[in-house]
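Undergrad: this is the structure alone, sequence omitted:
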């Protein structure tokens, strides 16, 4: 109708096969990267990565065959044998790794796995450099294949025996699983198990096909096979993704789905556009480069937008039974105030108040134990330094003695400052103090200024009280993290026949299970360079400490100190040290406070944080040191499967914050 000449049916099939071969290569590469990112610590993940690497090599060769010169086809066909012979070995390795997760450990089977990799390497070398496995090259018109060599039947027998034995082992894995969830995952794995192998096997060497009318039939079968291989690789990855991962199922599912959309799907669409757009350039009459560029850019931008729009739907499908809890978590994440958020919020409120009252500076001080520490300040640097060094306890006592009138809080003038007490919602406890430099000759703000002052004071009170509650939640969460990890570890264990599902590592009588363990670590750190809390510490009963004492020639002080130093050093991030970077914060606090023995005020100044915030972060840092020591004890054979128990602080936090009502909401975004 428009003078367009459609390409022949065979050309359409060739283009579709090129796109699908590219898609399989992209999927294999993407899933290989995903497995290395999340499952490389598991032997199952490493074995599956080997299988994916083989598929990637073969399908990358298929794509390059479409693009290479005809005289170079034999080279690329032989290079595919860098991956083809290793597929049965990878299958066997994967099945052995799966059996080991069910406690079916066999040295003979492991030796056979190593032998199969060695045999595959021999076949690969023979195929690359001799004509014993494959020889010559046949075909044409995008249908190329090698001819069989005298030893090709040996490879065929090995390929199907090793792959079949791997499939049988996977079936044994399913038989040993006790729970429906584990059986379901292994069933998915069995269904998808042979698809990659069948996709990479060189059938054309056996088929005897020539370039005749059967060519379209071969192309159609290849097309269907490529679709099946891509789908089955995703199914296998879904089954493998749970091995060696402590995250909940919903997290693994969402991570995989989002990755597949953002990675492989986007890559496939871009490659499809690059391969199809040149075929229609004469139809649209546009320059090829311009049209390709516009198409790819539009595709990338629109797909990212569609991903964001589809996220709620994807989450509903994945988290169908946890909608309310997840909505609460997201809302909590949106409203939580970190220490930096609180400081910025208070500084903004101070700047607004100082500008409104036309005064040069002000501060917000918070109650921290028996001290009152400046949390935020506004004004010249010299004034801020003086504010931080001032003792604000007298003015807080005076301000709290003054009541409130119907217009709001009443200011108190003291040493040139106007100050307002910051109280809890019930007005019974003091949270801190808000003060500004007073205007000369005036006792306080004018009556017309009082409503704005009252509003800003109330905002500061709300922020401080909410942050106090959130800090309790943070501390509770930090202390239960080891228990959460233990639960996730138990969830990740696949129950198997012959062993009770209750056979989990039992908690021992080790001192790491004592609620005072973190306190003992803190005491030892406080006497790091000597003192009774170090020399008489209960931590001396740890096996890792005893071994360190032996290495120090029987010196108990040096032995315990070396363990503490090791734990602190494990928290040191990589790279050049930075005093104010967030990832260096905990390490810097420990090193400055306990190893160098610097005073609190100097540490706070060097780390650019308030003293109250420093105390809070110090508690978290000590908890991390305690956890590191527990890990060291586990590595030294003190107690297998060790995780730290709930501490006394956690139980206090639960009692304190467990009954907070829904009305105690965090500060709104406004």
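TA: Now that the structure is in, tell me what you want to look at. The structure displayed is predicted, hence computed values, not measured ones. Numbers count the residues shown, from 1 in each chain.
Undergrad: how's this structure carved up into domains?
TA: 9-246, 247-320, 339-461, 508-644 (automatic domain parsing).
Undergrad: may I ask which helix or strand of this protein has the lowest mean pLDDT?
TA: Every helix and strand in the chain was compared by mean pLDDT, DSSP states H and E; the lowest is helix 648-657, with a mean of 36.
Undergrad: can you list the weak-confidence ranges in the stretch 351-500 of the chain?
TA: 369-370, 401-408, 426-428, 471-472, 474-500 (pLDDT under 70).
Undergrad: where do the strands sit along it?
TA: 362-368, 371-378, 404-405, 408-409, 412-414, 417-423, 430-437 (DSSP state E, counting those that start in this stretch).
Undergrad: dump those strands to JSON lines, plus mean neighbour count.
TA: Backbone N, C-alpha and C define where each C-beta goes, glycine included. Formatted as JSON lines, the strands of the stretch 351-500 of the chain follow (neighbours: other CB atoms under 10 Å):
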{"stretch": "strand 362-368", "mean neighbour count": "25"}
{"stretch": "strand 371-378", "mean neighbour count": "22"}
{"stretch": "strand 404-405", "mean neighbour count": "12"}
{"stretch": "strand 408-409", "mean neighbour count": "19"}
{"stretch": "strand 412-414", "mean neighbour count": "17"}
{"stretch": "strand 417-423", "mean neighbour count": "24"}
{"stretch": "strand 430-437", "mean neighbour count": "24"}
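Undergrad: out of these, the one nearest residue 287 is which?
TA: strand 371-378 (58.4 Å; CB to CB).
Undergrad: the closest one to strand 430-437, inter-axis angle?
TA: 40 degrees (axes from the mean of the first three to the mean of the last three CA atoms, to 10 degrees).
Undergrad: partner strands of strand 371-378 and their direction?
TA: Strand 371-378 pairs in its sheet with strand 362-368 (antiparallel), by DSSP bridges.
Undergrad: how far off centre is the partner strand?
TA: Strand 362-368 sits 36 Å away from the centroid of its parent chain (CA atoms, centre = their mean, to the nearest Å).
Undergrad: and if you look at stretch 40-56?
TA: With CA atoms, centre = their mean, you get 20 Å for stretch 40-56.
Undergrad: ok, and what's touching it?
TA: 24-25, 28-29, 31-32, 35-36, 38-39, 83-84, 86-87, 89-91, 93-94, 96-98, 100-101, 196, 199-200, 229, 233, 236-237, 240, 243-245 (CB atoms under 8 Å, 6 or more residues apart in numbering).
Undergrad: just the buried ones from these?
TA: 24-25, 28-29, 31-32, 35, 38-39, 83-84, 86-87, 89-91, 93-94, 96-98, 100-101, 196, 199-200, 229, 233, 236-237, 240, 243-245 (16 or more other CB atoms under 10 Å).
Undergrad: narrow these to those in helices?
TA: If you go by DSSP state H, the buried ones among the contacts of stretch 40-56 have 24-25, 28-29, 31-32, 35, 38, 86-87, 89-91, 93-94, 96-98, 100-101, 196, 199-200, 229, 233, 236-237, 240 in helices.
Undergrad: neighbouring contacts of stretch 74-82?
TA: 57-58, 61-62, 64-65, 68, 123-124, 127-128, 133-134, 136-137, 144-146, 202.
Undergrad: of those, which belong to helices?
TA: 57, 58, 61, 62, 64, 65, 123, 124, 127, 128.
Undergrad: who does the spatially closest residue to residue 436 that is not a sequence neighbour form a beta bridge with?
TA: Distance criterion CB to CB, 6 or more residues apart in numbering; nearest residue to residue 436, sequence neighbours excluded, is residue 362 at 3.5 Å. Note on residue 362: beta-bridge partners by DSSP bridges are residue 378, residue 436.
Undergrad: in contact with residue 362, which residues?
TA: Residue 362 neighbours (CB under 8 Å, 6+ apart): 350, 353, 354, 377, 378, 379, 434, 435, 436, 437.
Undergrad: from the residues you listed, which two are the most distant?
TA: The widest separation within the contacts of residue 362 (CB to CB) is 13.7 Å, between 379 and 434.
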